[in-house]
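S.K.: My questions are about this predicted structure, shown below with the sequence.
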Amino acid sequence: MPVINRIAEFHDEITEWRRDIHAHPELQFDVHRTATLVADKLKEFGVDEIATGIGRTGVVGVIKGRQTGSGKVIGLRADMDALPIHELTDRSYKSKTDGVMHACGHDGHTAMLLGAAKYLTETRNFDGTAVVIFQPAEEGGGGGREMVNDGMMDRFDIQEVYGMHNWPGSPVGQFAIRPGPLMAAADLFTIDITGIGGHAAKPHLSNDPIIAATHIVQSFQTVVSRNADPLHSAVISVCQFQAGDTFNVIPQNAHLCGTVRTLTKEMRDLVEGRMTEIVKHTAAAFGLEANIDYQRNYPVTVNHEAQTEVAASVAGQIVGEDKVDTNVLPVMGGEDFSFMLNARPGAFIFLGQGDTANVHHPMYDFNDEIIPVGCSYWVRLVETAMPAQ
């Protein structure tokens with residue numbers, strides 16, 4: 001059961017939607033134009049119910065099958081927001097907003113789910129209800145959490161939920177998935193160190209926070225190499241180091257921030273505990289004051305076993321079982337679809353988009369060639385999980 005012919009027929013139309021969204025990127029919860037476009041399209045398709053403002057700026061569409069006797073309700077989720085990156089492509093549809101671009105393919109995710117909604121509304125060849133979820137603020141804002149906290153799952157009686165992400169470097173049209181942890185918890189930390197500033201030629205009259213900060217950064221590397229079980233993944237990345245304003249003044253303060261990625265609760269607890277101890281005791285050793293603010297942000301994205309089997313089976317129907325990797329290695333990127341998977345059973349799957357620039361790169365662009373594959377996956381998932389009698 002390959003790509004659906006009817007979807008292939010409006011491939012060009014979906015591509016136009018995708019490129020329009022790409023040309024007008026919006027950040028986090030400020031996806032007002034995109035959300036309006038989505039709501040207008042859903043109304044044009046004739047979906048049964050449209051709700052806006054879910055999780056601040058999310059959009060939800062409800063599509064009832066020809067039969068609803070099964071009582072089953074499945075949610076399909078796409079993200080809508082872009083990134084604060086200056087686009088370097090030369091595409092005719094490149095970003096019209098300086099410093100903002102769709103560098104992660106959320107424009108493609110939104111367009112593919114719209115294409116599936118169009119087909120499902122036309123055919124309604126299923127027994128149950130499909131709920132299409134268009135989420136804001138995946139890129140750091142926790143839009144998935146906001147939609148769940150806004151009561152979306154209960155309001156629309158969603159029983160299972162599925163997500164999908166394009167994957168550069170994987171062959172076009174191939175799928176990858178695994179049960180259990182698929183993507184890492186993504187935590188944030190900030191560290192403020194207070195010393196005594198002074199003249200750079202008289203360091204003995206100061207207490208340099210830069211020295212303590214460098215020891216803290218170095219010591220963090222021992223958490224992964226010496227405290228963590230080498231068979232359990234963890235990443236600590238210090239991504240900002242700010243201190244001082246000129247060449248001859250020892251600054252009063254130093255500021256660090258970064259991210260931690262883990263795949264289990266036990267590793268998450270260990271890393272946070274060790275980092276807190278290192279900051280406290282290193283600062284004390286240098287006679288300084290330091291504070292770490294550790295924020296547990298996105299949880300681990302954990303696929304449920306039964307729904308993963310369904311997702312893999314459906315992907316195999318579209319592209320062939322030999323093009324579905326059902327035991328892909330987990331990745332240390334974070335994904336706030338994790339909040340939805342914590343609320344309901346479901347599965348997240350990767351869709352290969354070929355040898356392109358990686359996500360979050362200024363030369364990235366979603367590969368429109370995979371649109372019919374992604375749309376067909378969504379449709380067959382609904383029709384397979386809720387078959388018409």
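M.R.: Happy to help now that I have it. Numbering: from 1, shown residues only.
S.K.: From the opening residue of stretch 54-62 to its closing one, how far?
M.R.: 13 Å (C-alpha to C-alpha, to the nearest Å).
S.K.: does Ala82 have beta-bridge partners, and which?
M.R.: In this entry, Ala82 is beta-bridged to Leu27, by DSSP bridges.
S.K.: residue contacts, it?
M.R.: 25-27, 95, 100-104, 106-107, 139 (C-beta atoms under 8 Å, 6 or more residues apart in numbering). The C-beta positions use only the backbone N, C-alpha and C, and glycine is treated the same way.
S.K.: tell me which element Ala311 is part of?
M.R.: helix 305-319 (DSSP states H and E).
S.K.: Quick check: next helix or strand after that helix?
M.R.: strand 324-325.
S.K.: Give me the distance from that next one to the chain's centre.
M.R.: Relative to its chain's centre, strand 324-325 lies at 21 Å (C-alpha atoms, centre = their mean, to the nearest Å).
S.K.: picking that back up, okay if I get the contacts of Ala82 as CSV plus pLDDT?
M.R.: Shown next, in CSV, are the contacts of Ala82 (pLDDT from 0 to 100):
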residue, pLDDT
Pro25, 98
Glu26, 98
Leu27, 98
Ser95, 98
Val100, 98
Met101, 98
His102, 98
Ala103, 98
Cys104, 98
His106, 98
Asp107, 98
Glu139, 96
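S.K.: Widest-spaced pair of those?
M.R.: Pairwise distances across the contacts of Ala82 peak at 14.7 Å for Ser95 and Glu139 (criterion: C-beta to C-beta).
S.K.: Domain-wise, how is this protein divided?
M.R.: Segmentation of the chain into domains, based on automatic domain parsing, reads 5-181+300-385, 185-298.
S.K.: where does the shortest one sit relative to the chain's centre, distance-wise?
M.R.: Same thing as domain 185-298. 26 Å.
S.K.: Flag every buried residue along stretch 67-87.
M.R.: 70, 72-83, 85, 87 (16 or more other C-beta atoms under 10 Å).
S.K.: Which of those residues fall in strands?
M.R.: Cross-referencing those against strands under DSSP state E gives 73-79.
S.K.: Asp336: helix or strand, and which one exactly?
M.R.: Per DSSP H and E: nothing holds Asp336, as it lies in no helix or strand.
S.K.: count of residues packed around it?
M.R.: Asp336: 27 surrounding residues under other C-beta atoms under 10 Å.
S.K.: isn't it right next to Val148, touching?
M.R.: No - using C-beta atoms under 8 Å, Asp336 is not in contact with Val148, being 9.6 Å away.
S.K.: returning to what we had before: max pairwise distance over the ones in strands among the buried residues of stretch 67-87: which two?
M.R.: Most distant of these, by C-beta to C-beta, are Val73 and Asp79, 20.6 Å apart.
S.K.: ok, so of the ones in strands among the buried residues of stretch 67-87, who is nearest Ile370?
M.R.: For these, with Ile370 as the reference and C-beta to C-beta as the criterion, the closest is Ala78, at 13.8 Å.
S.K.: pLDDT score assigned to the closest one?
M.R.: With respect to pLDDT, Ala78 scores 98.
S.K.: any idea how far it is from Trp17?
M.R.: From Ala78 across to Trp17, the span is 12 Å (C-beta to C-beta, to the nearest Å).
S.K.: average pLDDT for stretch 328-339?
M.R.: The model assigns stretch 328-339 a mean pLDDT of 97.
S.K.: Can you give the distance of that stretch from its chain's centre?
M.R.: 7 Å.
S.K.: For that stretch, which residues meet the burial criterion?
M.R.: 328, 330-339.
S.K.: Now do the contacts for the residue of the chain positioned farthest from its centre.
M.R.: For the chain, the C-alpha farthest from the mean C-alpha position belongs to Lys202; by C-alpha atoms, centre = their mean, that distance is 48.6 Å. Under the criterion of C-beta under 8 Å, 6+ apart, Lys202 has no neighbours.
S.K.: most neighbours per residue, which of the domains of the chain?
M.R.: Stretch with highest mean neighbour count among those: domain 5-181+300-385 (a mean of 20; mean count of other C-beta atoms under 10 Å).
S.K.: any idea how far that domain is from the chain center?
M.R.: The answer for domain 5-181+300-385 is 11 Å, by C-alpha atoms, centre = their mean.
S.K.: so where's the stretch 251-389 of the chain uncertain?
M.R.: Along the stretch 251-389 of the chain, no part satisfies pLDDT under 70.
S.K.: re earlier: return every residue with contacts to both of Ala78 and Trp17.
M.R.: Thr110.
S.K.: Let me see the contact set for the residue nearest to the spatial centre of the chain.
M.R.: Geometric centre of the chain, nearest residue: Glu335, 3.3 Å, by C-alpha atoms, centre = their mean. Shown in contact with Glu335 (C-beta under 8 Å, 6+ apart): 138, 163, 165, 183, 298, 301, 348.
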